[in-house]
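1. could you work out the structure for the sequence below:
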Amino acid sequence: LIYSKGKTLKITVGIATYNGADRVKLLLSSVDNYTSEEEKKDISIVVVDDGTPYEGNLKKLEDICNKFSVNLIKSSKNKGIPATWNTLSRTENTDLILLFNDDIQISHRHWLRNLRYFFEKNENIGHVSYQIAQMDPRTGIAKSGYDNPDITCLPQFTLTPGGQAFAFLRSVYDKVENGF
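-> Next comes the predicted model:
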């Protein structure tokens, strides 16, 4: 459970995709594998397809979302990632929003607990990015030139947000006119 001043925060995990059914399946599998049953009670997962024109891929994506009991929103045309992030951010009325591109995979059992740490320990935090390691899809090993992320590291300030995996409070998003 995620707490902020004694309140349990409800969480939206939003996944943006375009023609990415197979990538979404890997991401949803990793979320399922690395999220405890207790943590799953406080999250809702939404996938937004940004106008994939291929019916076969859309059908596959529908089947995957049904298998994982995930909401799917299909856009009739490609609007781009900012519009997709806005759709994901506005779909569920939760306290905390996590946005993932479809090529992300969770690789640690404490991914949600570690995210919680940032929001629990500082009431002034409004945005958190995940540390990213590029993995070889064949071996599951970090590619050359990347350090394995230290999942136990303490929070740090950064000057650039990670666009592929980040979280923010709804209260912060609501202050941004027109969203992303």
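2. how about the strands in the protein?
-> 3-4, 7-8, 11-17, 43-49, 71-74, 96-101, 127-129, 165-169 (DSSP state E).
3. from residue 10, how far out is residue 64?
-> Using Cβ to Cβ, to the nearest Å, residue 64 is found at 24 Å from residue 10. Bear in mind the C-beta positions are built from the backbone N, C-alpha and C, glycine included.
4. centre of the chain to stretch 21-36, how far?
-> 11 Å (Cα atoms, centre = their mean, to the nearest Å).
5. ok so, going back, quick one, which of residue 64 and residue 10 is more surrounded?
-> Neighbours per residue (other Cβ atoms under 10 Å) separate residue 64 from residue 10, with residue 64 holding more: 20 against 16.
6. any idea how far residue 37 is from the nearest residue in space to that one that is not next to it in sequence?
-> Leaving aside its chain neighbours, residue 64 sits nearest to residue 25 (4.8 Å; criterion: Cβ to Cβ, 6 or more residues apart in numbering). Using Cβ to Cβ, one gets 21 Å for the distance from residue 25 to residue 37.
7. which one's more surrounded, these two?
-> residue 25 (18 against 6).
8. how close does the more buried one sit to residue 105?
-> Counting by Cβ to Cβ - residue 25 and residue 105 are separated by 11 Å.
9. in the sheet, who's paired with residue 98?
-> residue 13, residue 167 (DSSP bridges).
10. surely it and residue 167 touch.
-> Yes: between residue 98 and residue 167 there is a contact at 4.4 Å, judged by Cβ atoms under 8 Å.
11. anything in contact with each of these two?
-> residue 115 (Cβ atoms under 8 Å, 6 or more residues apart in numbering).
12. okay, helices next: where are they in the protein?
-> 21-33, 37-40, 55-67, 81-91, 111-121, 170-173 (DSSP state H).
13. contacts for the third one?
-> So that's helix 55-67. Here helix 55-67 has contacts from 17, 19-22, 24-25, 28, 47, 49, 52, 70-72, 74, using Cβ under 8 Å, 6+ apart.
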